[in-house]
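[1] this is the structure alone, sequence omitted:
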């Protein structure tokens, strides 16, 4: 900071914490990985609530996904980030769907009977992939901060497995239920656009380009 260039450096050093260097042996490395996992899980949980507040996922989705994160946090970072037993059933396409995919009327019947369950599954899958992409950004931040490289490779691999899992589910969902897929991706796009409009109104207001009454009318319209 240019304003601090003439400060007394020795005086500043008096307020630094005491530390000692340690070798990154096995147990130490595992502790560092566990610590980074906890940070990633906390970020993921926050991301689900952010998606909920933006109207992108349902209350049922955010509650269940957050509960799954809380269970993982109970293991204090010892579980791999790809160990998502709670999502296995939600992100798995029944095997018999492959058998009936060439029987349009039967596939349509299954879709109509299980519409709510399918809607929830898509909600889970989309939110999960979104959060994992955000998790990768945090790993990149760890990398820029010169964190343990070997540990970052492990975390990156765990998150990548999650993304592959989620994207495979979404591809299959699009294949089996194109109508629901189009409906939900369109709704998501609309919500995203409206959120962006709301954000822009806030920016215009803060920069003084519009007045409060005008901003309130715009927000009400949005």
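    Here it is on my side, so go on. Keep in mind that this is a model prediction, so the values were computed, not measured.
[2] name the helix or strand for the residue positioned nearest the centre of the chain, please.
    The centroid of the chain falls nearest to residue 131 when counting by CA atoms, centre = their mean (1.1 Å). Per DSSP states H and E, residue 131 falls inside helix 115-144.
[3] chain center to that helix: distance?
    Relative to the chain's own centre, helix 115-144 is displaced by 4 Å; criterion: CA atoms, centre = their mean, to the nearest Å.
[4] helices and strands around that helix, which ones?
    When contacts are defined as 3 or more CB pairs under 8 Å, 6 or more residues apart in numbering; DSSP states H and E, helix 115-144 packs onto helix 26-53, helix 59-73, helix 149-176, helix 178-206. All C-beta spots, glycine's among them, are computed from the backbone N, C-alpha and C.
[5] any stretches of the chain with poor pLDDT?
    For the chain, the stretches flagged by pLDDT under 70 are 21-28, 86, 88-99, 101, 147.
[6] same thing but 80
    1-3, 19-30, 85-102, 104-108, 110-116, 145-148 (pLDDT under 80).
[7] circling back to that earlier point, how about the helix holding residue 131: buried residues?
    By 16 or more other CB atoms under 10 Å, the buried positions in helix 115-144 come out as 118-132, 134-136, 138-139, 142.
[8] what's the burial count for residue 65?
    By other CB atoms under 10 Å, 26 other residues sit near residue 65.
[9] return the residues in contact with it.
    Contacts for residue 65 (CB atoms under 8 Å, 6 or more residues apart in numbering) come out as 48, 124, 127-128, 131.
[10] how much space separates the nearest residue to residue 129 once chain neighbours are set aside from residue 35?
    Excluding the flanking residues, the one nearest residue 129 by CB to CB, 6 or more residues apart in numbering is residue 166, at 3.9 Å. Residue 166 sits at a distance of 25 Å from residue 35 (criterion: CB to CB, to the nearest Å).
[11] what's the answer for residue 171, then?
    Counting by CB to CB, the gap from residue 171 to residue 35 is 34 Å.
[12] related to what we said a few turns ago, more neighbours: which of residue 166 and residue 35?
    Legend: neighbour count by other CB under 10 Å for residue 166 and residue 35, higher for residue 166 (23 against 15).
[13] what's near enough to touch that one?
    91, 125, 128-129, 132.
[14] on that earlier part again, so which of the helices and strands packed on helix 115-144 comes closest to residue 4?
    helix 178-206 (27.7 Å; CB to CB).
[15] what comes up buried for that closest one?
    For helix 178-206, by 16+ other CB under 10 Å, it's 180-181, 184, 188, 201, 205.
[16] any chance of CSV for those residues, columns distance to residue 156?
    Putting those into CSV (distance: CB to CB, whole Å) gives the following:
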residue, distance to residue 156
180, 32
181, 29
184, 29
188, 27
201, 37
205, 40
